[in-house]
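Participant: Next one to model:
(one chain, ligands or ions: 2)
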Amino acid sequence: MSHHTRSPIESTPIAESGPSASVGEHPNAITNRFYTYERVQDIVSFIQNIVPTKPEIAIICGSGLGGLAELITDKIVIPYVDIPHFPRSTVVGHRSNLVFGVLNGLYVVCMQGRFHPYEGYTTATCAFPVRVMRMLGAHTLIVTCAAGGVNKGYSVGDIMLIKDHLNFPNLAGNNPLIGHNDERFGPRFPPVGHAYDRQYLSKMKQIASKHSVELREGVYCGLGGPCYETIAEINMLRLLGGDAVGMSTVHEVTLAAHCGFRTLGLALITNKCLWDYDTTYEPVHEDVIRISELKANELQQLIYDFIGSVKQNPT
Ligand SMILES: O=P(O)(O)O[C@@H]1C[C@H](O)[C@@H](CO)O1
Ligand SMILES: Nc1nc2[nH]cnc2c(=O)[nH]1
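Facilitator: Ligands and ions are numbered 1, 2, ... in the order given. Coordinates of the predicted model:
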């Protein structure tokens, strides 16, 4: 008879609450057991004690794009650090405030700084504020991000309307909805084929043409980061139909679709991607921030007008 020596994993005791809390549980399932409906509701009540108004529009600011919050009037700023169980953004170009107030006639809530999986957060943690903003009453989500241009026709400084996405972490089994599903948030098997609202896409195209801004419209590829892509990876993304690449957005939009948000996504092309082995250029975060700040006014004007047009014609 052979002697079986138990490996460290075999020797780890199963958590007292049973095998579902054991070492085998998916990190997103653990996150989702923490951010229960009741806990999200507590966070919402905490915020409502500070902010008397109900936001209609939720905004998530991408890298270097937090200046949008400066346009908000009658502002109430709540630092993430003051909100129970809220993560903090650790990335240059992202502040850590939830900003409430009025933007072009509508009450808004704006995330001035987001969370990324490469910071060490699960995709479920990165996206959970979307539920908070929905439960606060917002029906429309405007998500912005900085991205590399995969499409060879794109130039640095272009603004791309996100018409669809490739969610690579999801394709690899990392979806923020993994774990127990509370139907009060949304259905177990949510469709995401129309995650980016078609009417909002046309609304934004009309606004852009009034300002003579030539918008791109394309597919955003969400990757885990923090590395920028290899040449082979960029060529693969292009082959798969990707137009821009980034490290955020897709898990947020997944939760937004799940809880019934109408979403508009805007990606600012902050850098070219590596296309061939003779290129010496490499993307750097400082350039991403610089281009975002340079183009912020244009993007802000579009968002400002979009909100005005939602006010005039909510459908
Ligand atoms: O938060 P976003 O997606 O705008 O930021 C992008 C992705 C990384 O955080 C960073 C890389 O430069 O920019
Ligand atoms: N993954 C990725 N994220 C970005 N964010 C801004 N630019 C880029 C890029 O080129 N690649």
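Participant: Not counting the helix or strand encompassing Val102 itself, show me its contacts.
Facilitator: Element membership for Val102 (DSSP states H and E) is strand 97-103. Applying Cβ atoms under 8 Å, 6 or more residues apart in numbering, the set of residues contacting strand 97-103 from outside is 47, 51, 53, 55, 57, 69, 71-80, 83, 86, 107-113, 129, 304, 307. For every residue, glycine as well, the C-beta is placed using N, CA and C.
Participant: isn't there a helix covering Ile47?
Facilitator: Yes: using DSSP: H, G, I helix; E, B strand; the rest coil, the secondary structure at Ile47 is a helix.
Participant: which ones among the contacts of strand 97-103 are found in strands?
Facilitator: Of the contacts of strand 97-103, the ones assigned to strands by DSSP state E are 57, 73-79, 107-112.
Participant: so what's the closest residue to ligand 2 within the chain bridging to?
Facilitator: In the chain, the residue that lies nearest ligand 2 is Gly148 (2.2 Å; Cβ to the nearest ligand atom). Following DSSP bridges, Gly148 is listed with bridge partners Val245, Asn271.
Participant: Was I right to think it contacts Ala267?
Facilitator: No: look at Gly148 against Ala267 with Cβ atoms under 8 Å: they stay out of range, at 9.5 Å.
Participant: So for these two, which sits in the more crowded spot?
Facilitator: Neighbours were counted for Gly148 and for Ala267 using other Cβ atoms under 10 Å; Ala267 has more, 30 against 25.
Participant: Which of the helices or strands spans that one?
Facilitator: Counting by DSSP H and E, Ala267 is found in strand 262-272.
Participant: Summarise which helices and strands that strand is packed against.
Facilitator: Contact analysis of strand 262-272 by 3 or more Cβ pairs under 8 Å, 6 or more residues apart in numbering; DSSP states H and E lists strand 140-149, strand 159-167, helix 198-210, strand 216-222, strand 244-246, helix 250-258, helix 285-312 as its packing neighbours.
Participant: Now do the contacts for Glu252.
Facilitator: Contacts of Glu252 (Cβ under 8 Å, 6+ apart): 60, 114, 126-127, 130, 141, 143.
Participant: Spatially, what comes nearest to it if we skip its sequence neighbours?
Facilitator: In space, and not counting its chain neighbours, Glu252 is closest to Ala127: 4.8 Å by Cβ to Cβ, 6 or more residues apart in numbering.
Participant: Can you list phi and psi of that neighbour for me?
Facilitator: Main-chain dihedrals, Ala127, degrees, to the nearest 10: phi -100, psi -10.
Participant: Can you give me the neighbour number for it?
Facilitator: 30.
Participant: And for Glu229?
Facilitator: For Glu229, using other Cβ under 10 Å, the count is 19.
Participant: so what pLDDT did it get?
Facilitator: On pLDDT, Glu229 comes in at 97.
Participant: quick one: contacts for it?
Facilitator: So Glu229 contacts 148, 223, 237, 245, 273-274 (Cβ under 8 Å, 6+ apart).
Participant: quick one: it is in a helix?
Facilitator: No: Glu229: not assigned to a helix; according to three-state DSSP it is coil.
Participant: Now do the contacts for the residue nearest the centre of the chain.
Facilitator: The residue lying closest to the centre of the chain (Cα atoms, centre = their mean) is Thr249, at 3.0 Å. Applying Cβ under 8 Å, 6+ apart to Thr249 gives the contacts 62, 143, 145, 162, 165, 220, 222, 265, 267.
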